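1. have a look; sequence and predicted model below, questions after that.
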Amino acid sequence: MISCIAIDDEPLALEVLKKYTSQIPGISLLATYSDAIEAINYLQSNQVSLLFLDIQMPDINGFQLYRNLVEKPMVIFTTAHKEYAIDGFEIDAVDYLLKPFNLARLQKAVNKAIAWQNSKENNETNTASAYLYIHEDYKMVKILFSEIIYIEALDDYIKIHTSSRHYLTLLSMKKVLEKLPKKQFIRIHRSYIVAKEKIAFTQFRKIGLISAIELPVGDTYRSEIQEYKGNA
């Protein structure tokens, strides 16, 4: 069960969310707030899995509110302004709902949140069949960990190289590393993360992968490579 709260300065929008979430299995709306400051106070002492968060509010912008949270739950942004969509995905939001939305559209967003939650649980148990979800071309894409060869940083984006194709998504290396099981992946450079099982050889300044690709090892990450070699 995903626990959530809704934050929106429009009472009608909160009533719509109450009505719709009551009809969707797997989700529990614990509280609604029209005052962003009250919501922040609640979040400081209570854990929730998901936020439904409006963007334009009088006291604080929804993006600012989310960035300021120490513990960041999943977030689905809700707003009447389409131009905010890109900013929402930059925060790694589960989804972006353009008002007015119907029950079916909300159900789709909640399904994504449930998938993210399941993916996180799989990551934490380090199961071989685990996977992660990313945004690509405004779609949620599922990638098996076992298919990933390496991940490359490209400014604000990352490119995930797999055995079949590559995926480009707006995500930082830090964020994607948090989603990956440590037993299966290692960062070797500020620009590269590799799958341990895809490593063919290691040298002082480079690593070779089974796909005949060679990648540099950054000075900062040499100790991690030495630890990996010691445990291999």
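-> Structure received. Numbering: from 1, shown residues only.
2. can I assume Ala113 is in contact with Ile76?
-> Yes: counting by C-beta atoms under 8 Å, Ile76 is a contact partner of Ala113 at 6.7 Å. (C-beta placed from N, C-alpha, C; glycine too.)
3. tell me, what's touching those two both at once?
-> 50, 94-95 (C-beta atoms under 8 Å, 6 or more residues apart in numbering).
4. quick one, domains of the chain?
-> Domains of the chain are assigned by automatic domain parsing as 2-124, 127-231.
5. quick one: distance of the shortest one to the chain centre.
-> Using C-alpha atoms, centre = their mean, to the nearest Å, the mean C-alpha position of domain 127-231 is found 16 Å from that of the whole chain.
6. so what touches stretch 25-34?
-> Contacts of stretch 25-34 (C-beta under 8 Å, 6+ apart): 1-11, 14, 17-18, 21-22, 39, 42, 46, 48, 50, 110, 113-114.
7. all helices of the chain, in order?
-> Along the chain, the stretches classed as helices by DSSP state H are 11-21, 36-45, 62-68, 85-90, 103-125, 173-179, 222-231.
8. average pLDDT for the last one?
-> Across helix 222-231, the average pLDDT comes to 74.
9. dump it to CSV, restricted to CA.
-> Extracted in CSV, the C-alpha atoms of helix 222-231 (Å, rounded to 0.1, in the frame of the first residue of the first chain):
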residue,chain,number,x,y,z
ARG,A,222,40.9,3.6,-8.1
SER,A,223,40.4,2.5,-4.5
GLU,A,224,37.0,1.1,-5.4
ILE,A,225,38.5,-0.7,-8.3
GLN,A,226,41.2,-2.2,-6.0
GLU,A,227,38.5,-3.3,-3.6
TYR,A,228,36.5,-4.9,-6.4
LYS,A,229,39.6,-6.8,-7.6
GLY,A,230,40.2,-8.0,-4.1
ASN,A,231,36.7,-9.4,-3.8
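10. what's that helix packed up against?
-> strand 185-189, strand 199-202 (3 or more C-beta pairs under 8 Å, 6 or more residues apart in numbering; DSSP states H and E).
11. quick one: list the elements packing against the first one.
-> I take that to be strand 185-189. Short answer (3+ C-beta pairs under 8 Å, 6+ apart): strand 185-189 packs on helix 173-179, strand 192-195, strand 214-216, helix 222-231.
12. quick one, which of the domains of the chain is packed in tightest?
-> Ranked by mean neighbour count under mean count of other C-beta atoms under 10 Å, the domains of the chain are led by domain 2-124, which reaches a mean of 17.
13. mean confidence score for that one?
-> 87.
14. please state the offset of it from the chain centre?
-> On C-alpha atoms, centre = their mean, the centre of domain 2-124 falls 14 Å from the chain's centre.
15. picking that back up, need the helices and strands packed on strand 185-189 in a markdown table (columns: distance to Ile149).
-> As requested, the helices and strands packed on strand 185-189 are exported to a markdown table (distance: least, C-beta to C-beta, whole Å):
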| stretch | distance to Ile149 |
| --- | --- |
| helix 173-179 | 14 |
| strand 192-195 | 6 |
| strand 214-216 | 10 |
| helix 222-231 | 16 |
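16. relative to Tyr167, which of these is closest?
-> For Tyr167, the closest of the helices and strands packed on strand 185-189 is helix 173-179, at 10.9 Å, according to C-beta to C-beta.
17. contact partners of the closest one?
-> 92, 119-120, 123, 132, 151, 153, 158, 160, 185, 187, 190-191, 193.
18. quick check, nearest of the shared contacts of Ala113 and Ile76 to Glu214?
-> Nearest to Glu214 among the shared contacts of Ala113 and Ile76: Val94, at 36.5 Å, using C-beta to C-beta.
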